[in-house]
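Undergrad: Kindly generate the corresponding structure for this input.
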Amino acid sequence: MPRIFIDRFTVGADSIDLNGHVNNQEYVRWMQDVATAHSSAQGWTLARYLAAGVTWVIRSHFIEYLRPAFRDDEILLATWVAGMDAQRSPRQYRFVRARDGKTLVEAETRWVFCDLQSGRPQDIPTEVAAAFPIVTDAAEVRAAIQAACSR
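TA: Numbers count the residues shown, from 1 in each chain. Below is the predicted model of the structure:
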């Protein structure tokens, strides 16, 4: 169960906007996809959330675009849970170009844990919180990304 989950993908033509680089909407989609993949890797699949009658919803995104990504760029997308309180959890992301290790985008999503029926926030159960170790050490994140770039 990875503390820092890293996905690797190649930018396709359908992700490119009129400016010739990755459209900003793609980053949000990729962030949601990698968060879902990380959750599944930690044992919390969509089916498990549905069976428990709970879900995560997004309260906000913060995205800082540092460098553009282009078609055929191989990207590493790292994500980790950076904190957790009774009902909320910030998740951080870093998009890195694989060939040179340059950070392209840094982002954070604030997730709220909710009851699926009512849509209202509820406390995060102990078994959910235990599945997501908190990562706050920037050196740990850098090392994990660097190791993934080397593969």
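
Undergrad: Could you measure from Arg151 over to Arg8?
TA: 8 Å (C-beta to C-beta, to the nearest Å). The C-beta positions use only the backbone N, C-alpha and C, and glycine is treated the same way.

Undergrad: okay, those two: which has more neighbours?
TA: Arg8 (13 against 8; other C-beta atoms under 10 Å).

Undergrad: just checking, the more buried one is part of a strand?
TA: Yes - counting by DSSP: H, G, I helix; E, B strand; the rest coil, Arg8 is part of a strand.

Undergrad: list the contacts for it?
TA: By C-beta atoms under 8 Å, 6 or more residues apart in numbering, Arg8 lies in contact with Glu74, Ile75, Leu76, Leu77, Ala98, Ala148.

Undergrad: List only those of the residues you listed flagged as buried.
TA: Ile75, Leu76, Leu77, Ala98, Ala148 (16 or more other C-beta atoms under 10 Å).

Undergrad: Fine by me, we can end here.
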